[in-house]
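Asks: next input, structure requested:
(2 chains)
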Amino acid sequence: TQLLEQSPQFLSIQEGENLTVYCNSSSVFSSLQWYRQEPGEGPVLLVTVVTGGEVKKLKRLTFQFGDARKDSSLHITAAQPGDTGLYLCAGDSSNYGGSQGNLIFGKGTKLSVKP
Amino acid sequence: DTAVSQTPKYLVTQMGNDKSIKCEQNLGHDTMYWYKQDSKKFLKIMFSYNNKELIINETVPNRFSPKSPDKAHLNLHINSLELGDSAVYFCASSETGTGSYEQYFGPGTRLTVT
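Replies: All right, here's what the predicted structure looks like:
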């Protein structure tokens, strides 16, 4: 069974601090996606990383895909209250024995940024 | 314009009842999904349909039956509801041609079984 382990599960920080969320697996993924979910809403796609070692930036958010395509990280610089939410990573294993479109989701990191 | 819509937003019902949740997407995507998110926020895929054909059918009780009348709609019917079915159900869609199956989620349906 393919699993994506996300850590930490909960994170409560002050505005202006930096943080990193990790997503790890023993399985290889064709691509990895990061989503953010706010209370009462569905997850919203932030970014997709495809190439091993790839780094993508979205304003204060930096996403990295591991060289072996088994892990990823999300780094937020100078966090703001608007960053509060549930961050989910999801791996696509369709080229490595997984079903087409069957994304494997991590259990999420609940981030709270206090003003 | 809402990309992926679900109805109803909230559904409160008693054990043993049968209920349906509807989903529509106007993105022109060819694949639609149903996910269940439990109280611990774990998101798990239940079904996916590609052009009205069932592609993914995870280990879900057969009380759950998806139906796709066309590629823009995917409904979920649940028979004989149980307490453990209480969760938030999300519909999502994606376009196969992109190769990365990026999901566009609906707002969710919070099902409470009493």
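Asks: so what touches the worst-scoring helix or strand of chain B on mean pLDDT?
Replies: Lowest on mean pLDDT, DSSP states H and E among the helices and strands of chain B sits strand B:53-57, with a mean of 81. For strand B:53-57, the external contacting residues (C-beta atoms under 8 Å, 6 or more residues apart in numbering or on different chains) are A:Ser99, A:Gln100, A:Gly101, A:Asn102, B:Thr31, B:Tyr33, B:Ile45, B:Phe47, B:Ser48, B:Tyr49, B:Pro66, B:Ser68. Yep, even glycine has a C-beta here, placed from its N, CA and C like the rest.
Asks: mind checking which of these are in strands?
Replies: B:Thr31, B:Tyr33, B:Ile45, B:Phe47, B:Ser48, B:Tyr49, B:Pro66, B:Ser68 (DSSP state E).
Asks: can I get those in TSV including pLDDT, distance to chain A and neighbour count?
Replies: Formatted as TSV, those follow (pLDDT from 0 to 100; distance: C-beta to the nearest C-beta, whole Å; neighbours: other C-beta atoms under 10 Å in any protein chain shown):
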residue	pLDDT	distance to chain A	neighbour count
B:Thr31	91	6	24
B:Tyr33	94	7	29
B:Ile45	90	6	23
B:Phe47	89	10	20
B:Ser48	89	5	28
B:Tyr49	88	10	23
B:Pro66	93	14	21
B:Ser68	92	14	19
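Asks: what is the most widely separated pair among the residues you listed?
Replies: B:Ile45 and B:Ser68 (15.3 Å; C-beta to C-beta).
Asks: residues from chain B in reach of chain A?
Replies: B:4, B:31, B:33, B:40-45, B:48, B:50, B:55-56, B:90, B:92, B:94, B:96, B:99-108 (C-beta under 8 Å from any C-beta of the partner chain).
Asks: how about a cut-off of 10 Å?
Replies: Residues of chain B lying close to chain A (C-beta under 10 Å from any C-beta of the partner chain) are B:4, B:6, B:9, B:31-33, B:35, B:37, B:40-45, B:48-50, B:55-58, B:88, B:90-92, B:94, B:96, B:98-108, B:110.
Asks: among the residues you listed, name the buried ones.
Replies: By neighbour count, with 16 or more other C-beta atoms under 10 Å in any protein chain shown, the residues of chain B next to chain A hold B:4, B:6, B:31-33, B:35, B:37, B:41, B:43, B:45, B:48-50, B:55-56, B:88, B:90-92, B:94, B:96, B:100-108, B:110 as buried.
Asks: for the spatially most central residue of chain B, give its distance to chain A.
Replies: When C-alpha atoms, centre = their mean is applied to chain B, the residue found nearest the centroid is B:Trp34 (2.9 Å). Note on B:Trp34: its distance to chain A, by C-beta to the nearest C-beta, to the nearest Å, is 12 Å.
Asks: residue contacts, that residue?
Replies: By C-beta atoms under 10 Å, 6 or more residues apart in numbering or on different chains, the contact set of B:Trp34 is B:6, B:21, B:23, B:45-49, B:56, B:58, B:60, B:64, B:66, B:74-76, B:89-92, B:106, B:109.
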